[in-house]
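S.K.: below is the sequence, then the predicted model.
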Amino acid sequence: MTDQRSDFRLSRRHLLAGTAALGALSLSGLSSVARAAAPGGDLVFLIDSLGPTWIPNNSSISSFQGHIWGHVTDKLIYVNAEGAVSPWIAESWDQNETATEFVLRLKPGVSFSDGTSVDAAAVVANLDIWYAGRTEDGINPVGLFPKTYDRSEVVDPLTVKVLFKAPTLGFIPTLGYHGSILISPATLASPATDQADLSKTVASGPYLVDSWKEGDFVRLVKRPDYNWGPAEVGHTGPAFLDSITYKLVAEQSLRVAAVQAGQADVAYNASPQELESLKAEGFVTATPRYLGFVNGWAINTKLAPYDDVRVRQALRVAIDRQEIIDTVYTPDWQLAKSFIQSNVPGATDHGDLLVHDAARAEALLDEAGWVKGSDGIRAKDGKPLELVLHSNPYLATSRAVDELIAQQLGRLGWKVDIRAYDVVTFGEKVRYASEGVPAYEVTRSFIDAGTVASILTDANKGENWFNLGDSDPRINELRDKIAGAASHEVRNPLLDELQAYVLDQGYFIPRTQIVQRIYAQSAEVKDVVYNGIAYASYYRATKGAV
């Protein structure tokens, strides 16, 4: 299942010479490749997790494993940081007037690493498993793939027809989602146990898996015959870097210290407070925003007291979002203006609903019957006004933001309980609209804003974030109209109405626009590209002396 290579070592003494703070860190598994100069060479990327499984459908949407998949696989469509789509493996496409049929024309000459063609039959196999998964074998559907999917047909070796049961305007952009990765049909048909072995995965990307050890590292080497990169990034041939190594280093400060010491090239998820000092030292930092939801809470409307719109509205205006940016973050972060990021096509500005107004929050709570006691905590019918927060392990700053918000809410009479779990436990215990979970913290990407409506409700197996079911006719009406829109001209005003309504009702409580992926890297690494999901692509990157 794994392969440890004897030539893949980093001498601890070099790292310790750089900083005593690294203490007991052992980076056996890293080599001195980070010292290479000139185009080509090897890049070492320190990451805080490598996730629990490598089954492609289950792991490609992970904030951690998505980095590896982005270099090992290709996508049909490329989506840039502004949400614009452009050709990749699909050279062109058409849709009918009702957005229920699409035709994809594929780039010729593309092959998987085993030599088989990335042809229409291979694309159909991928579309089918993205939609349905193989749940009996533990292979999940790709969560944001359109649930209106009907089937795909091979028209000829390089042409695919895709049919939907209802208008699906967001289909093309969703092909650029990080879960929509092209894997060989042979791999897709293999048992889940084989798919979980990264070394057995056959894909068509610019890098190949050279070696990996579970919970330790993944080493990729470039594929010399690769020649079909997306034109949008300005390069189509083989990658320039010879290898990329993703090495697990759980401690944030040790990742940064290794880059400072010259023993690694990139530290993932550095602390926001370190960014200015790193820049001053000559390192490069990046805080790309992804396309998706802002960081905030999906509120369980079935759980008291959040079944009362006045309490939800009080919560919305009780948060001082500027203080969050000033205290936890830096000016690289932006205020939320909606519940979706402002760089998403279709996002609109409803920042007026998110202005901090403590007096308004107190008045709403008074009106709802929540009375402050001598201890400063509000109560009603003998029960305290309580909010349980589960800090999101996918966002390094989540706990710090929770603690600041707890102070803000505490001044208004809330009793806030903060709980923290690791990634696996969080996934098991904390879910949308779960019993006992009043506020689910969202860090979630998507490519097309049209997918939002069905996620928020339970239509078409949607996730029913707010536990509304059919209890709110208006949100369901907007959902259906958005889903049925066959053009952006029809859909965009509906999306605007949905955003205003969800915020006004306090169904979603934004905190800030999200920067989930923070990068601190050596200035020797140049020409890094960040896509619409804020992943760093080193496909066209080079590494050389400053």
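M.R.: In hand now; what should we look at?
S.K.: so where do the helices sit in the stretch 151-300 of the chain?
M.R.: If DSSP state H, counting those that start in this stretch is used as the criterion, the helices of the stretch 151-300 of the chain fall at 171-174, 185-189, 192-195, 252-260, 275-280.
S.K.: among those, which is nearest Y207?
M.R.: Ranking these by distance to Y207, with C-beta to C-beta as the measure, places helix 185-189 first at 15.9 Å. Where C-beta positions appear, they are placed from N, C-alpha and C, glycine not excepted.
S.K.: would you turn the helices of the stretch 151-300 of the chain into CSV with distance to S391 and mean neighbour count?
M.R.: Rendered in CSV, the data for these read as follows (distance: least, C-beta to C-beta, whole Å; neighbours: other C-beta atoms under 10 Å):
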stretch, distance to S391, mean neighbour count
helix 171-174, 29, 24
helix 185-189, 36, 17
helix 192-195, 31, 17
helix 252-260, 15, 22
helix 275-280, 21, 14
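S.K.: got CSV for the ones you listed, with mean pLDDT and distance to L353 too?
M.R.: As requested, those are exported to CSV (pLDDT from 0 to 100; distance: least, C-beta to C-beta, whole Å):
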stretch, mean pLDDT, distance to L353
helix 171-174, 92, 27
helix 185-189, 97, 44
helix 192-195, 95, 44
helix 252-260, 95, 34
helix 275-280, 93, 30
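S.K.: please identify which of those is closest to W88.
M.R.: Using C-beta to C-beta as the measure, helix 171-174 is the one of the helices of the stretch 151-300 of the chain that comes nearest W88, at 11.5 Å.
S.K.: for the closest one, what is the distance to the chain centroid?
M.R.: Distance of helix 171-174 from its chain centroid, counting by C-alpha atoms, centre = their mean, to the nearest Å, is 16 Å.
S.K.: please convert the helices of the stretch 151-300 of the chain to TSV, extending it with distance to G506.
M.R.: Compiled in TSV, these are given as follows (distance: least, C-beta to C-beta, whole Å):
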stretch	distance to G506
helix 171-174	29
helix 185-189	42
helix 192-195	41
helix 252-260	33
helix 275-280	33
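S.K.: and these: which comes nearest G41?
M.R.: Closest approach to G41 among those is made by helix 252-260 (15.7 Å; C-beta to C-beta).
S.K.: tell me the mean pLDDT for stretch 76-96?
M.R.: Regarding stretch 76-96, the rounded mean pLDDT is 93.
S.K.: that stretch: end-to-end distance?
M.R.: Across stretch 76-96, the terminal residues are separated by 19 Å (C-alpha to C-alpha, to the nearest Å).
S.K.: how many neighbours does Y519 have?
M.R.: Around Y519 there are 23 other residues, counting by other C-beta atoms under 10 Å.
S.K.: distance of it from K279?
M.R.: 12 Å (C-beta to C-beta, to the nearest Å).
S.K.: between these two, which contacts overlap?
M.R.: When contacts are counted by C-beta atoms under 8 Å, 6 or more residues apart in numbering, the set common to Y519 and K279 consists of T285.
S.K.: out of the helices and strands in this protein, which is least certain?
M.R.: For the chain, the helix or strand with the lowest mean confidence is helix 12-18, at a mean of 36 (criterion: mean pLDDT, DSSP states H and E).
S.K.: give me every residue that touches the residue lying closest to D448 once chain neighbours are set aside.
M.R.: The shortest distance from D448 to any non-neighbouring residue, by C-beta to C-beta, 6 or more residues apart in numbering, is to G170 (3.2 Å). Each residue near G170 by C-beta under 8 Å, 6+ apart is listed here: 146, 447-451.
S.K.: quickly check these for the two that are furthest apart.
M.R.: Maximum pairwise distance in the contacts of G170, criterion C-beta to C-beta, is 13.4 Å, between P146 and A449.
S.K.: give the contact list for A347.
M.R.: A347 makes contact with 337-338, 340-341, 449, 495, 499, according to C-beta under 8 Å, 6+ apart.
S.K.: doesn't it lie inside a helix?
M.R.: No - the assignment for A347 by DSSP: H, G, I helix; E, B strand; the rest coil gives coil, which leaves it out of any helix.
S.K.: for it, grab phi and psi.
M.R.: In terms of degrees, to the nearest 10, the main-chain angles of A347 are phi -70, psi 140.
S.K.: what pLDDT does the model give it?
M.R.: Among the per-residue scores, A347 shows a pLDDT of 93.
S.K.: measure it to Q513 for me?
M.R.: 10 Å.
S.K.: hey, what's in contact with both of these two?
M.R.: Here A347 and Q513 share the contacting residues 337, 341, scored by C-beta under 8 Å, 6+ apart.
S.K.: at which residues are the strands of the stretch 151-300 of the chain located?
M.R.: 159-164, 207-213, 217-222, 243-248, 266-268, 284-286, 295-299 (DSSP state E, counting those that start in this stretch).
S.K.: out of those strands, the one nearest S111 is which?
M.R.: With C-beta to C-beta as the measure, strand 207-213 is the member of these nearest S111 (12.6 Å).
S.K.: list the neighbouring strands of that closest one plus their orientation.
M.R.: With DSSP bridges as the criterion, the sheet partners recorded for strand 207-213 are strand 217-222 (antiparallel).
S.K.: just the pLDDT at A485, thanks.
M.R.: The pLDDT attached to A485 in the predicted structure is 88.
S.K.: please narrow the contacts of G170 to those residing in strands.
M.R.: In strands, judged by DSSP state E, none of those are found.
S.K.: in CSV: those, plus distance to T425.
M.R.: Below are the contacts of G170 laid out as CSV (distance: C-beta to C-beta, whole Å):
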residue, distance to T425
P146, 31
I447, 29
D448, 31
A449, 31
G450, 33
T451, 28
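S.K.: quick one: least confident of the residues you listed?
M.R.: At the low end of pLDDT for the contacts of G170 is I447, which has 76.
S.K.: for that one, give me its contacts.
M.R.: Contacts of I447 were listed using C-beta under 8 Å, 6+ apart, and they are 79, 83, 144, 170, 173-174, 176-177, 291, 532-533.
S.K.: same question for D119.
M.R.: Under the criterion of C-beta under 8 Å, 6+ apart, the neighbours of D119 are 106, 157-158.
S.K.: quick check, R310 in a helix?
M.R.: Yes - counting by three-state DSSP, one finds R310 located in a helix.
S.K.: now it: closest residue in space, sequence neighbours ignored.
M.R.: Taking C-beta to C-beta, 6+ apart, and ignoring the residues beside it in sequence, R310 has A368 as its nearest neighbour in space, at 4.1 Å.
S.K.: touching, V103 and V155? I think so.
M.R.: Yes - checked against C-beta atoms under 8 Å, the pair V103 and V155 is within contact range at 7.2 Å.
S.K.: and these two? Which one has more around it.
M.R.: In this comparison of V103 against V155, neighbours counted by other C-beta under 10 Å, the higher total goes to V103 at 16 against 13.
S.K.: same for the helix or strand containing that one, what does it pack against?
M.R.: V103 is part of strand 101-106 when elements are defined by DSSP states H and E. Taking 3 or more C-beta pairs under 8 Å, 6 or more residues apart in numbering; DSSP states H and E as the contact definition, the neighbouring helices and strands of strand 101-106 are strand 90-95, helix 120-132, strand 159-164.
S.K.: can you tell me how far the closest residue to G282 other than its chain neighbours sits from L278?
M.R.: Distances taken as C-beta to C-beta, 6+ apart put A523 closest to G282, at 5.6 Å, once the chain neighbours are dropped. Using C-beta to C-beta, we find A523 at a distance of 10 Å from L278.
S.K.: so what's A368 up against?
M.R.: Under the criterion of C-beta under 8 Å, 6+ apart, the neighbours of A368 are 305, 308, 310-311, 314, 380.
S.K.: most neighbours, which of those?
M.R.: Counting neighbours by other C-beta under 10 Å, the top entry in these is A314, with 30 neighbours.
S.K.: buried residues, the helix or strand that contains that one. List them.
M.R.: Assigning secondary structure by DSSP H and E places A314 in helix 309-318. Within helix 309-318, the residues that count as buried by 16 or more other C-beta atoms under 10 Å are 310-318.
S.K.: which residues are contacting that helix?
M.R.: Taking contacts as C-beta under 8 Å, 6+ apart, the residues outside helix 309-318 that touch it are 299, 301, 305-306, 353-358, 360-362, 364-365, 367-368, 370, 385, 387, 408-409, 412, 414, 503-507, 509.
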